[in-house]
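In: what would the 3D arrangement of this be:
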Amino acid sequence: MTAEQQSSNDKPQDSVEDAPESSQEAQADAPGEPEDELAKAKQLAEEYRDQYMRSLAELDNLRKRSERELERAHKYGVERLAGELLAVVDSLELGLEAATGEGSEAVREGMQATLKLLLGALKKFEITQIDPLGEPFNPELHEAMAAQPSADAEPDSVLLVVQKGYRIHDRTLRAARVIVARSPE
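Out: Below you'll find the predicted structure:
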């Protein structure tokens, strides 16, 4: 035997006693008991279920919010246009009041027809006039220009309408400008 062979024989060989230690280490690295694995899997499944349910709720909220915004856009989409058209209505009404002279009857009839068509078009889009003469003053619908003492009218009621107001659905487009009655002193 050579020296190399003898030195390799001097090294201790893995014995049968060492084998159980390596199998214990393998068990420590391997997954735990089946009950532990099941509990971890259940916990993970519950976390995923919770995330799924939250995602569903978020999507449902997004859908509902989108529907509300779309409905609002359909409902109030003509608000800017209507606001611009109110100046035309005011101008026609003032023109009708001013057309009192001789030969102005044809002009007056034409203006009345135009005003009627314009108000009809506004009504199709649920734009309504606020003409509060004699009604109690409401700051949500009326803009007080002045207060005037009056023995005939109830205090805090609309005595005179300076400019009619308009509403689109349930929203005030333009408040009516009014003079409010107050009690005489």
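In: gap between stretch 54-68 and the chain center?
Out: Distance of stretch 54-68 from its chain centroid, counting by C-alpha atoms, centre = their mean, to the nearest Å, is 13 Å.
In: cool, and stretch 61-79?
Out: For stretch 61-79, the distance to the chain centre is 7 Å (C-alpha atoms, centre = their mean).
In: give me the mean pLDDT for it.
Out: Average pLDDT, stretch 61-79: 90.
In: and that stretch, what's buried?
Out: The neighbour-count criterion (16 or more other C-beta atoms under 10 Å) identifies 76, 78 as the buried residues of stretch 61-79. Just so you know, the C-beta spots here come from the backbone N, C-alpha and C atoms, and that holds for glycine as well.
In: now residue 154. Its backbone dihedrals?
Out: Backbone torsions for residue 154, taken as degrees, to the nearest 10, come to phi -60, psi 140.
In: which residue packs closest to it, ignoring adjacent ones?
Out: Spatial nearest neighbour of residue 154, chain neighbours left out: residue 181 (6.5 Å); criterion: C-beta to C-beta, 6 or more residues apart in numbering.
In: how close does the one you found get to residue 175?
Out: According to C-beta to C-beta, to the nearest Å, residue 181 stands 18 Å off from residue 175.
In: tell me who's in contact with residue 176.
Out: Residue 176 is in contact with 130-132, 141-143, 158, 161, 163-165, counting by C-beta atoms under 8 Å, 6 or more residues apart in numbering.
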